[in-house]
Structure formats: C-alpha cells, structure tokens
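Chemist: no sequence on this one, just coordinates:
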C-alpha cells in the first residue's frame with residue numbers, strides 16, 4: 001500500500017493505533033472511512049442547499065428594451081457586469097422592437113420594467129395606461145438625420161423620401177423638428193414608414209429612401225459609406241429619450257424592488273460614464289459590430305450624453321406633450337420621482353459624484 005504510506009493522515013492513524021490489535025485496526029479503519037464519506041456527502045449537501053438558497057433570494061426581473069443601439073448600454077451593463085445581482089435581482093433584458101409593443105408587454109406584466117423612449121410612455125399614459133417614468137438618463141434625442149451622398153444640404157430633401165420607424169414616434173418627431181428648423185413644409189417631403197434600423201440602413205444604401213434618422217453605431221457606418229449628416233436632433237431642444245418605465249401598481253406594491261431596480265440602473269449609468277473598457281466590451285457583445293472604431297464612436301457619443309442623476313427634463317416632457325397635441329397637460333402627471341427622491345435623500349447618489 002505505497003500510496004497510503006505517503007498520506008499524512010494514514011501515517012498519523014498508524015502511529016495512533018500501533019498498539020491496537022489488527023482486527024480492531026480494521027474496524028477503526030472501516031469506521032473512519034464511513035465517517036469521512038458521510039462528512040463529504042454532508043458538505044456537498046450543505047453547499048447545494050446554500051446555492052439553492054442564494055438563487056432563491058434573487059428576484060427574477062424581465063426588462064424590455066426597444067432596439068439595438070448604444071442608448072441601451074445602461075441596461076446591458078446592468079446585466080453583464082453583475083450589478084443587478086448586488087441588489088438581489090436576476091435581470092433578463094428582452095428585446096421587444098418598438099415602443100408600443102414594449103408598453104403592451106409592461107401592462108401585461110410580461111416584463112416588469114421597460115427601458116424605452118419617454119414618448120412611448122406618455123403616449124400610452126394619454127390613452128389611460130397606468131405607467132410612469134421613474135428615471136431619464138438621457139434628455140436629448142440621440143438621433144441624427146442622415147442622407148445619401150448626393151444630398152448635401154437640407155433643401156435638397158424637397159420632393160425626396162425620408163424613412164422613419166413609424167408615424168407618431170420619436171423618429172417622426174425628430175424629422176418634424178428638423179423640417180421646421182429648415183423651414184421646409186412637411187408636405188414637401190415624402191415620409192415613409194420604412195421599418196427598424198437595419199431595414200432603413202439597407203433602404204438608404206440601396207437608394208430606396210433618400211434620408212433617414214439613425215443613432216450610433218449606424219451613424220458611423222453610414223458616414224463610412226459616404227452618407228452625409230444633415231442634423232443632430234439633440235441640438236434642437238430637450239427631449240427625454242431613454243427612460244425607465246414602471247407600472248404604477250408595481251411602484252405601489254413592490255416598492256422595495258422598484259427602488260433596487262433604480263439603484264442598479266444608476267450604478268450601471270455610473271459604470272458607463274467611468275468604465276470605457278468594460279462598456280466597450282459589452283457594446284461589442286450586443287451590437288455585434290466588428291468595426292472597433294464604430295464601437296468606440298458609439299461609446300463616446302452616448303457616454304457624453306448620459307446624465308449621472310437620471311432626472312427628466314420637464315421642458316423636454318412639455319415638448320413631447322406639444323407634439324402629441326396635449327400641451328395643456330402637466331408633465332408631472334407622467335412621472336413618479338418619489339423613488340429617485342428617496343434614493344437621493346438616503347445618500348445613495350453621493351458615491352457616484
């Protein structure tokens with residue numbers, strides 16, 4: 001038994017039992033093996049129980065988001081960096097294309113939180129949906145109007161086709177702002193619902209539309225293909241864009257969870273603003289773009305526009321209400337800042353400034 005002789009515990013056992021009769025040694029040895037086996041199984045069982053207990057303590061939260069673009073980065077960071085787990089949340093981001101579908105999923109409780117445009121929430125609320133904005137990390141539209149190479153000035157858009165996602169959405173609003181600033185009557189252009197970002201990029205490249213409204217990284221890609229930037233919509237006015245939305249019943253019935261969701265998102269925003277390398281790595285995973293320069297440009301664009309304290313710009317909300325023919329409504333009707341107010345009073349924000 002050469003292997004056993006080399007074991008420290010075996011030598012110690014032999015020394016301790018050298019005066020014990022052989023038969024007794026065998027009984028002691030067998031008992032020791034049983035005890036060791038039982039101890040191993042008990043340790044495994046305790047470890048499994050602890051793991052199950054830890055998993056049970058995590059609350060599953062489905063979070064909807066409306067498109068593949070750089071402004072979704074805080075939600076992706078929250079998941080990928082493990083920030084949500086620090087607050088007892090197992091976060092599952094779900095891509096649900098379009099703001100209206102996101103609102104439907106939120107109201108049906110298929111998702112518990114939505115990272116969506118403020119305009120989608122306000123439009124739903126105007127129709128009676130019990131949803132509220134709880135935070136807005138970005139109060140300017142992260143969109144630019146991009147045209148084909150031959151169109152170098154806004155006036156050349158007269159009589160041309162402009163592709164947007166859908167009528168009534170933030171795409172539509174952004175184009176209307178630009179046309180107004182350029183003193184172009186909307187009736188002088190042809191507005192087309194041309195689908196999601198990838199579809200509009202393809203249509204622009206093929207010449208099926210003459211201009212569209214894009215965000216990063218598509219702006220960078222379009223510019224590399226010779227397209228022109230005619231306007232940055234964020235320069236025109238405040239317009240809360242990327243927002244966190246909850247139902248009012250969720251805020252009321254699961255307030256502790258709602259606050260932890262907001263805390264985790266605020267920490268994710270801080271990560272985006274301060275951790276370039278980690279953020280870029282996460283962008284690469286979700287955007288699935290191989291061009292590193294495109295990813296870098298996307299990060300630079302959004303990290304500058306993301307606000308440390310995600311409080312909505314009320315003038316921007318008024319702009320949305322005016323676009324929706326409801327200028328008489330008070331912007332405070334559509335927000336619930338009580339969660340953010342409480343978090344600030346508790347001193348949570350101090351470590352991020």
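Modeler: Arrived safely, thanks for sending. Model, not experiment: these values are computed from the prediction.
Chemist: ok, which stretches of the protein are strands?
Modeler: 59-65, 89-95, 113-117, 131-135, 144-147, 161-164, 190-193, 211-214, 228-232, 242-247 (DSSP state E).
Chemist: for residue 322, find the nearest of the ones you listed.
Modeler: Across the strands of the chain, the minimum distance to residue 322, taken as CB to CB, is reached by strand 113-117, at 15.9 Å. (C-beta placed from N, C-alpha, C; glycine too.)
Chemist: stretch 311-329: how far from the chain's middle?
Modeler: 24 Å (CA atoms, centre = their mean, to the nearest Å).
Chemist: hang on, the earlier thing: quick one: the strands of the chain as JSON lines, columns for mean pLDDT, mean neighbour count and distance to residue 277 too.
Modeler: Converted to JSON lines, the strands of the chain look like this (pLDDT from 0 to 100; neighbours: other CB atoms under 10 Å; distance: least, CB to CB, whole Å):
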{"stretch": "strand 59-65", "mean pLDDT": "96", "mean neighbour count": "20", "distance to residue 277": "23"}
{"stretch": "strand 89-95", "mean pLDDT": "97", "mean neighbour count": "18", "distance to residue 277": "21"}
{"stretch": "strand 113-117", "mean pLDDT": "93", "mean neighbour count": "27", "distance to residue 277": "23"}
{"stretch": "strand 131-135", "mean pLDDT": "97", "mean neighbour count": "25", "distance to residue 277": "25"}
{"stretch": "strand 144-147", "mean pLDDT": "97", "mean neighbour count": "24", "distance to residue 277": "26"}
{"stretch": "strand 161-164", "mean pLDDT": "97", "mean neighbour count": "22", "distance to residue 277": "35"}
{"stretch": "strand 190-193", "mean pLDDT": "96", "mean neighbour count": "15", "distance to residue 277": "39"}
{"stretch": "strand 211-214", "mean pLDDT": "96", "mean neighbour count": "27", "distance to residue 277": "26"}
{"stretch": "strand 228-232", "mean pLDDT": "96", "mean neighbour count": "17", "distance to residue 277": "27"}
{"stretch": "strand 242-247", "mean pLDDT": "95", "mean neighbour count": "26", "distance to residue 277": "22"}
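Chemist: turn the ones you listed into CSV, including distance to residue 203.
Modeler: Formatted as CSV, these follow (distance: least, CB to CB, whole Å):
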stretch, distance to residue 203
strand 59-65, 23
strand 89-95, 21
strand 113-117, 22
strand 131-135, 32
strand 144-147, 12
strand 161-164, 6
strand 190-193, 8
strand 211-214, 7
strand 228-232, 16
strand 242-247, 25
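Chemist: can you pull the contacts of the most centrally placed residue in the chain?
Modeler: For the chain, the residue nearest the mean C-alpha position is residue 75 (2.0 Å; CA atoms, centre = their mean). Going by CB atoms under 8 Å, 6 or more residues apart in numbering, residue 75 touches 63, 65, 91, 93, 115, 265, 268.
Chemist: is it true that the last one touches residue 80?
Modeler: No. Taking contacts as CB atoms under 8 Å, residue 268 lies outside contact range of residue 80: 9.4 Å.
Chemist: so which of these two has more stuff around it?
Modeler: Using other CB atoms under 10 Å as the criterion, residue 268 and residue 80 rank with residue 268 on top: 26 against 20.
Chemist: ok, for the more buried one, nearest residue in space, not its chain neighbours?
Modeler: With CB to CB, 6 or more residues apart in numbering as the criterion, residue 268 has its nearest non-adjacent residue at 3.9 Å, and that residue is residue 78.
Chemist: point out where the stretch 1-150 of the chain drops to low pLDDT.
Modeler: Counting by pLDDT under 70, the ranges of the stretch 1-150 of the chain that qualify are 1-56.
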